[in-house]
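J.: Generate coordinates for the sequence data below:
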Amino acid sequence: MSARDTHADLLPGDPGPPKAQRLAGKVAIVTGAGSRPAGPDGPVVGNGRATAITLAREGAKVVLLDERRQWAEWTLDLIERDGGEAILVETNVADPESCRQAVERAVEAFGGLNVLINNVGVTGPPGTAIEVDPDAFDRAMRVNVTSMVLMAKYALPPMIEAGGGAIVNISSVSGLLGGHPSLLYPTSKTAVIGLTRSMAAHHALQGIRVNCICPGTVYTPMVASRGMTPELREARRMGTLLQVEGTPWDVAQAAAFLVSDAARWITGIALPVDAGATAARLQALSPRSDGGVDTSSSGGES
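T.: Okay, here's the model as predicted:
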């Protein structure tokens with residue numbers, strides 16, 4: 001039985017192994033490589049797990065970082081069942097020493113470092129500027145933003161020593177658009193975009209490419225764990241141009257492309273992976289300027 005057959009029922013939406021291995025010989029760190037439990041009927045694969053599996057299938061040796069070891073153990077098992085190579089390092093990415101030790105372990109295990117995926121993120125405290133708890137706001141900013149700085153601080157030297165590499169930071173469409181009910185989450189995700197552009201400028205001549213991905217309404221364990229109703233899930237799907245629900249595998253495929261040599265001339269971008277949600281606004285039918293009826297998804301003039 002092939003790995004694809006083995007995993008088909010376990011990992012819905014899994015595209016299976018690629019035809020070519022674009023990352024053969026590379027070493028990659030993925031933070032938040034586990035997936036939180038989302039209940040018996042919820043999704044089992046988050047962005048970190050899907051990305052780690054995908055990079056391993058592309059030929060990379062993957063270092064799985066997660067503060068909750070048990071969440072990442074299944075990721076490790078899936079990679080090894082696929083015939084890939086990975087190690088798991090229990091890491092608190094908000095702690096400088098923990099980040100330093102994780103990078104050190106990666107280099108000791110595999111001889112170098114070429115790729116960093118900064119995936120860890122939390123929803124954070126609710127509330128507007130009036131309502132939010134300032135201490136909780138600071139803690140969440142440290143997880144969502146400072147952790148990416150800390151991981152880059154220790155990952156960049158061995159990447160530069162190896163002759164270059166690629167970093168992908170996971171942001172969100174909430175970093176591109178307003179309208180989120182809380183202040184913390186979109187603020188932190190906008191900061192990730194600025195961080196990405198700054199790092200891209202700082203390290204380009206050292207052979208480092210830095211990009212970020214802005215996922216849209218992807219159905220992940222984190223989303224499911226917040227009490228997602230079927231009605232809201234359907235509304236999220238219908239609110240995109242493609243009207244197709246996103247999965248973590250969509251994010252993973254984008255990450256694999258951005259860290260591969262196929263993206264060698266791409267740095268400093270914020271790539272929406274969102275079924276067109278940030279490209280245009282869906283509207284009801286509206287009159288065209290010539291008096292006809294516009295039936296396109298964008299709805300014409302507003």
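J.: Helices of the stretch 1-150 of the chain, start to end?
T.: 3-7, 47-57, 69-81, 96-110, 134-141, 147-161 (DSSP state H, counting those that start in this stretch).
J.: Deepest in the core, which of these is it.
T.: Mean neighbour count (mean count of other Cβ atoms under 10 Å) peaks for helix 47-57 among these, with a mean of 30. (C-beta placed from N, C-alpha, C; glycine too.)
J.: name the helices or strands packed onto that helix?
T.: Applying 3 or more Cβ pairs under 8 Å, 6 or more residues apart in numbering; DSSP states H and E, one finds that helix 47-57 makes contact with strand 27-31, strand 61-66, helix 69-81, strand 115-118, helix 248-259.
J.: Next, format the ones you listed as TSV and append distance to residue 95 and mean pLDDT.
T.: Formatted as TSV, these follow (distance: least, Cβ to Cβ, whole Å; pLDDT from 0 to 100):
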stretch	distance to residue 95	mean pLDDT
strand 27-31	12	98
strand 61-66	12	98
helix 69-81	15	95
strand 115-118	15	98
helix 248-259	24	98
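J.: Out of those, flag the one nearest residue 179.
T.: Nearest of the helices and strands packed on helix 47-57 to residue 179, taken as Cβ to Cβ: helix 248-259 at 21.1 Å.
J.: closest to residue 252 out of the helices of the stretch 1-150 of the chain?
T.: When the helices of the stretch 1-150 of the chain are compared by Cβ to Cβ, helix 47-57 sits nearest residue 252, at 3.9 Å.
J.: Now do the closest one, average pLDDT.
T.: Helix 47-57 shows a mean pLDDT of 97.
J.: now the top helix by length along the chain, how far from the chain's geometric center?
T.: Assignment by DSSP state H gives helix 184-203 as the longest helix of the chain. Relative to its parent chain, helix 184-203 has a centroid offset of 14 Å by Cα atoms, centre = their mean, to the nearest Å.
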